[in-house]
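1. From the sequence below, what's the structure:
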Amino acid sequence: MKKHSKAIGAAAAILWIVFWITAVILQIAGDGRLMETEMMRCAPPETTGLAAAEYPGVVDMTAGYLTGRIPEFQYTVTDSAGQNAPCFHDYEAAHMADCRALISLDRTVMILAGVSALVLTAAALLRGNRERFCRGILTGLRIMGGVLAVLLIWALADFTGLFVTFHKAAFPNGGWVLNLQTDLLIRLMPLDFFIGLGIRGAMRALAMPVLLEAAARIGINRSRNKEQKP
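-> Residues are numbered from 1 along each chain as shown. Below is the predicted model:
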């Protein structure tokens, strides 16, 4: 194992970052307070036609549905005639079912990546070459940094293009294509809404590479100091 410690370190770093990114996505999907803040900023009542008092209920239902707490995606309001009126069409609910399936996949990837990263890290620290393992972590960070840098440059240059490409790949059935005039879902979640969530998510995701970088450099320095002692 000592011979392959650097490769194991690189794999562990990549898995830790995948674990953390998927964990951040899952956390944001269930954060109704953040969702409400971004909706009120990007999709205020005057642009959606939904009363401000209804926003907390809508976001609580949405976050609960995406994370599996609530079985059905629908929200009702009382119309001028005193009747309960559903806010979302069946095809909007069908698209959110696709989103929930994606969040479920995200949860599975998070668990698998986290367990795999923990096993590799524990095995390398117990039986591997710690300095080579730490250097491998730095290599893994550079690899993931390059991939994420490409995505960041794409997002800064053409976020709409990145957004559309992702949706076409994730939802090939086209259910994500909605009409602003008839569909409340797209009015509540315009492009700026996702940009806001993306920025928040990116800031949170930075915690893991910063932690890994610091831990790896501390490990390398300790290994060097130990070797230099008579």
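
2. helices or strands up against the longest helix seen in the chain?
-> Counting residues, the longest helix in the chain under DSSP state H turns out to be helix 130-170. The contact analysis (3 or more Cβ pairs under 8 Å, 6 or more residues apart in numbering; DSSP states H and E) places helix 130-170 against helix 5-29, helix 90-127, helix 191-205, helix 207-228. For glycine as for every other residue, the C-beta is placed from the backbone atoms N, C-alpha and C.

3. Tell me what angle the second one forms with helix 5-29.
-> What it means is helix 90-127. Relative orientation of helix 90-127 versus helix 5-29 (axes from the mean of the first three to the mean of the last three Cα atoms, to 10 degrees): 150 degrees.

4. ok and helix 90-127 relative to helix 130-170, angle-wise?
-> Here helix 90-127 points in a direction 170 degrees away from that of helix 130-170 (the same axes, to 10 degrees).

5. Report the buried residues of helix 90-127.
-> By neighbour count with 16 or more other Cβ atoms under 10 Å, helix 90-127 contains the buried residues 92-93, 95-96, 99-100, 103, 106-107, 109-110, 113-114, 116-117, 120-121, 124.

6. can you confirm Gln181 is in a helix?
-> No. According to DSSP: H, G, I helix; E, B strand; the rest coil, Gln181 belongs to no helix; its state is coil.

7. quick one: pLDDT of it?
-> At Gln181, the predicted lDDT confidence score is 94.

8. and it, what does it touch?
-> By Cβ atoms under 8 Å, 6 or more residues apart in numbering, Gln181 lies in contact with nothing.
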